[in-house]
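# got a structure for you, letters missing:
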């Protein structure tokens, strides 16, 4: 699902639908994380944080594609802070560059 949303946002097609998918994924993942307990941790719980990183990045990229850079920065910067993955850093750098924050853009390389 995350890959489908990202593809829609990259093509700048069906951005409202991509936003709905990404928001739904963020909501479901944050709800699952909220109910997480170390006493009941299972193998299925382990990918929740990496999934949240991907969903935040995707949602941020949808906002960027919709020319809503403030919202884009909010989600992509949160994803970058949680796990500094290359694609997320590239997205954040592009957002910062578009906002004229060239020094910050260089920090994500």
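Cool, got the structure. Quick caveat, the model's predicted, so the values are computed rather than measured.

# any idea which residue sits dead centre in the protein?
Residue closest to the mean C-alpha point of the chain, counted by C-alpha atoms, centre = their mean, is residue 57 at 1.5 Å.

# which pLDDT value goes with that one?
pLDDT recorded at residue 57 is 95.

# distance check, it against residue 47.
15 Å (C-beta to C-beta, to the nearest Å). Quick note: C-beta positions are derived from backbone N, CA and C, even for glycine.

# counting contacts, what elements does the helix of greatest length in the chain pack onto?
Secondary structure of the chain per DSSP state H: the longest helix is helix 15-34. Applying 3 or more C-beta pairs under 8 Å, 6 or more residues apart in numbering; DSSP states H and E, we find helix 15-34 packed against helix 2-11, helix 48-65.

# tell me where the model's unsure across this structure.
Along the chain, segments meeting pLDDT under 70 span 1-13.
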